[in-house]
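Novice: build me a structure from this.
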Amino acid sequence: MTTSTPAVSPREFDTDLPAYDRMPQLLTGQVALVTGANSGIGQAVAIAMAQAGADVVVNYVAGSADAVVAAIEKTGRRALAVKADVSQEDEVVAMVAQAVKTFGTLDIMVANAGLQRDSALVDMTMAEWNKVIGVNLTGQFLCAREAAKEFLRRGVRREVSVAAGKIVCMSSVHEVIPWAGHVNYASSKGGIQMMMKSLAQELAPHRIRVNAIGPGAIRTPINTSAWNTPEAYAQLMTLVPYRRIGEPQDIANAAVFLASDMADYINGITLFVDGGMTCYPGFATGG
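Specialist: Coordinates of the predicted model:
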């Protein structure tokens, strides 16, 4: 016998969300750089890093980062907004150099910037393919490379962490779940998985940890159409056994944990934060 759980609207779940107003001070004295940090998941991660005690470099490529900088400064931490396209090598090199010049060093890199350019395979242009791979995969490679250079130069700062540096790659459930109509995006995320593991293997002897976060369905502007009506939300919940959409803060909490010494023996893994989406709920009744 099986039972079904009715899907509910996003508003009905708001009162069931956990409290996020008591972030432990796990990153005191450290410096974090978060890419794509002026909206959505990146914004939540940047503010959470500050709430956990870190000074934060807020990367953005369009719009403004003023609101995020103000929110970070309100916590009592320092913030620096840096405009840079992570797919461009010279801009990433300059961004990390500016972070080190301003704050003296860098302890945490959260390579979060990402985008979608969706299309059926036969209609996908090289521009759509290259844009997604360039930002989502090449951008993370460049950010990890430049951060690792600083970590290796400086070594372990034992007064703030037992690790020389921490890199957190923002992946997706689609590093393991195929996604028809999104081959560029899924390929970029699958690439992040193997890049992250290879970097973790290479950098571990230097006390540099590299991990990834795999968000599932998260309430962000990039996927508004998937959750902003009761009908869309109900359809989305058929993919989420936990029966609520994720919030950016859910990802931010995971990022703070992976960047902290509480996760010091965790290296080379993807932490899926997805309400069980990678449990393939379509098979819950036996397939």
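Novice: for the stretch 1-150 of the chain, which segments count as strands?
Specialist: Counting by DSSP state E, counting those that start in this stretch, the stretch 1-150 of the chain has strands at residues 31-34, 55-60, 79-83, 108-111.
Novice: ends of stretch 259-269, what's the gap?
Specialist: 13 Å (CA to CA, to the nearest Å).
Novice: what residue lies at the spatial centre of this structure?
Specialist: residue 170 (3.5 Å; CA atoms, centre = their mean).
Novice: that older thread, as a markdown table, the strands of the stretch 1-150 of the chain with mean pLDDT would be great.
Specialist: Shown next, in a markdown table, are the strands of the stretch 1-150 of the chain (pLDDT from 0 to 100):
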| stretch | mean pLDDT |
| --- | --- |
| strand 31-34 | 98 |
| strand 55-60 | 98 |
| strand 79-83 | 98 |
| strand 108-111 | 98 |
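Novice: residue 101 is nearest to which of the ones you listed?
Specialist: strand 79-83 (9.8 Å; CB to CB). Glycine gets a C-beta too; all of them are placed from N, C-alpha and C.
Novice: tell me the buried residues in that closest one?
Specialist: Judged by neighbour count using 16 or more other CB atoms under 10 Å, the buried positions of strand 79-83 are 79-82.
Novice: now swap in stretch 277-287 and tell me
Specialist: 277-278, 281.
Novice: ok, stretch 197-204 next?
Specialist: 197, 199-200, 203.
Novice: returning to that earlier point: list just the nearest of the buried residues of strand 79-83 to residue 57.
Specialist: Distances from residue 57 to those, taken by CB to CB, are shortest for residue 80, at 5.0 Å.
Novice: could you verify that residue 214 is part of a helix?
Specialist: No - looking at residue 214 with DSSP: H, G, I helix; E, B strand; the rest coil, it is strand, so not inside a helix.
Novice: please name the nearest non-neighbouring residue to it.
Specialist: residue 272 (4.2 Å; CB to CB, 6 or more residues apart in numbering).
Novice: contacts for the stretch of helix or strand the one you found belongs to next, please.
Specialist: According to DSSP states H and E, residue 272 maps onto strand 270-273. When contacts are defined by CB atoms under 8 Å, 6 or more residues apart in numbering, strand 270-273 is touched by residues 171, 173, 175, 193, 196, 211-216, 246, 250-251, 254, 258, 278.
Novice: want to throw the buried residues of stretch 277-287 into CSV with distance to residue 46, pLDDT and secondary structure?
Specialist: Output for the buried residues of stretch 277-287, formatted as CSV (distance: CB to CB, whole Å; pLDDT from 0 to 100; DSSP: H, G, I helix; E, B strand; the rest coil):
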residue, distance to residue 46, pLDDT, secondary structure
277, 25, 95, helix
278, 26, 96, helix
281, 32, 88, helix
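Novice: which residues of the stretch 1-150 of the chain fall in helices?
Specialist: 10-13, 40-51, 66-74, 89-103, 126-133, 139-154 (DSSP state H, counting those that start in this stretch).
Novice: give me the buried positions along stretch 224-244.
Specialist: Neighbour-count burial for stretch 224-244 [16+ other CB under 10 Å]: 226-227, 232-233, 236-237, 239-241, 243-244.
Novice: how about the buried residues of stretch 277-287 in JSON lines, adding distance to residue 25?
Specialist: Supplementary listing: the buried residues of stretch 277-287 in JSON lines, determined by distance: CB to CB, whole Å:
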{"residue": "277", "distance to residue 25": "31"}
{"residue": "278", "distance to residue 25": "31"}
{"residue": "281", "distance to residue 25": "37"}
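Novice: what about this protein, any weak spots by pLDDT?
Specialist: 1-21, 287 (pLDDT under 70).
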